[in-house]
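1. Build the 3D model from these lines:
(one chain, ligands or ions: 1)
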Amino acid sequence: MNILVTGGAGYIGSHFVKAAIGAGHRPVVLDNLSTGHRWAVLAEDFYDADLADGAKLKDILSKERIEAVVHFAANAYVGESIENPTKYFNNNYVNTLKLLDAMLECGVRTLIFSSTCAVYGIPGSIPITEDEPKKPINPYGLTKHFIEETLKWYESAYGLNCIALRYFNAAGADPGLDTGEMHDPETHLIPLVLEAAAGRREFIEIFGADYDTPDGTCVRDYIHVSDLAVAHLLALDYLMTAGKSGTFNLGGNRGHSVREVIDVARSVTSSDIPVRQGQRRPGDPPVLVSDSTHARQTLGWEPGYEDISVIVGHAWQWMKKAGEMGL
Ligand SMILES: NC(=O)c1ccc[n+]([C@@H]2O[C@H](COP(=O)([O-])OP(=O)(O)OC[C@H]3O[C@@H](n4cnc5c(N)ncnc54)[C@H](O)[C@@H]3O)[C@@H](O)[C@H]2O)c1
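-> From the prediction side, this is the model:
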């Protein structure tokens, strides 16, 4: 299939591109390189373009004979979304509407959308199923929730079929080390811990150690980015064959505390990682763990890299390779 991959120069998008090529598809990447990287574009076809440019979107969709869109492009910093909500409402929501309208004008009615566990806010029950009430507590999560809701209306009114995938914490790197995570600023725990292991960061700060969790630190569900990529291919197959829209959690169904991740990183890197105890951050739920049974049963998704030390190990290998390449 000819697949338009928005945000294909970003962390998760570049892993999807690699998986899509491996599965025999032709990904066409559209990315404005605002947080992504030219080196991360693994597709032959690349447009340095912005989602805001509706005319360009239509041009690409028709010229490249696009059959499906996988939509990763977004801003994804929770803290920034609280400080600058307009950036998030415009780029994540308004620009997604431009994409949907361009798709409809060009007769493309198949979409895989990157959603997030941030749509749940502070969940009432753990593990979190797709039925958990959606109560986002920041503009980032709200934009994703708006899009999910909008998509239901686009399906009933215009026949646009969509699968929304709610990722938990994407982590790790391509086992072949063709791509990996590189955000600036970095806000994700595993690369931050590894930066401390590499001596590029003086210490890792733990935000709160007095939560009601086994060791007092927050618990999160880490899912290997290459497993996420495969889930998108399965979702695409499902949408093309069953023709049914849907929403799926994508997580590992188990949680790891901040302290546990630091200990795993110490053992993977054989480094002493200095830690500093900080205050809780407002709005951090104590525990976020998925129930991803729906994706496993309906899409046949079976994550291949569930062990947290494998996830951290791939991220570490990637960080070392990126350093050698001067990235
Ligand atoms: N990383 C995670 O753990 C996680 C968790 C849940 C959901 N998500 C979602 O997954 C998607 C990808 O996340 P990521 O971690 O790969 O982020 P990323 O920042 O690495 O990738 C996003 C890409 O989109 C591009 N982009 C942004 N706005 C654009 C625009 N207007 N036009 C064209 N390109 C644009 C950026 O340049 C970047 O390459 C996002 O939608 C994010 O909300 C990520």
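
2. Please count neighbours and contacts with C-alpha atoms only from this point.
-> Noted.

3. What lies in contact with the helix or strand encompassing Leu111?
-> Secondary structure assignment for Leu111, by DSSP states H and E: strand 110-116. Applying CA atoms under 8 Å, 6 or more residues apart in numbering, the contact partners of strand 110-116 are 67-72, 141, 144-145, 148, 160-168, 232, 235-236, 239-240.

4. That strand near the ligand anywhere?
-> Yes: Strand 110-116 reaches the ligand (CA under 6 Å from any ligand atom) through Ser114, Ser115, Thr116.

5. Output those residues as TSV; include the columns pLDDT and neighbour count.
-> TSV is the format used below for these (pLDDT from 0 to 100; neighbours: other CA atoms under 10 Å):
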residue	pLDDT	neighbour count
Ser114	98	21
Ser115	98	25
Thr116	98	21
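
6. What is the three-state secondary structure of the closest residue to Asp45 other than its chain neighbours?
-> Nearest residue to Asp45, sequence neighbours excluded (CA to CA, 6 or more residues apart in numbering): Val28, at 5.0 Å. Secondary structure assignment for Val28 (DSSP: H, G, I helix; E, B strand; the rest coil): strand.

7. Show me what from the stretch 101-250 of the chain comes close to the ligand.
-> Ser114, Ser115, Thr116, Tyr167, Phe168, Asn169, Ala170.

8. Need the phi and psi values for Gly22.
-> Gly22 has phi and psi values of phi -60, psi -30 when expressed as degrees, to the nearest 10.

9. Distance of it relative to the ligand?
-> 19 Å (CA to the nearest ligand atom, to the nearest Å).

10. That residue - how many residues pack around it?
-> Using other CA atoms under 10 Å, Gly22 has 10 neighbouring residues.

11. and what of Gly326?
-> Neighbours of Gly326 (other CA under 10 Å): 7.

12. dump the residue contacts of the closest residue to the ligand within the stretch 51-200 of the chain.
-> As assessed by CA to the nearest ligand atom, the ligand sits closest to Ala73 within the stretch 51-200 of the chain, at 3.3 Å. Ala73 makes contact with Thr6, Gly7, Gly8, Gly10, Asp31, Asn92, according to CA under 8 Å, 6+ apart.
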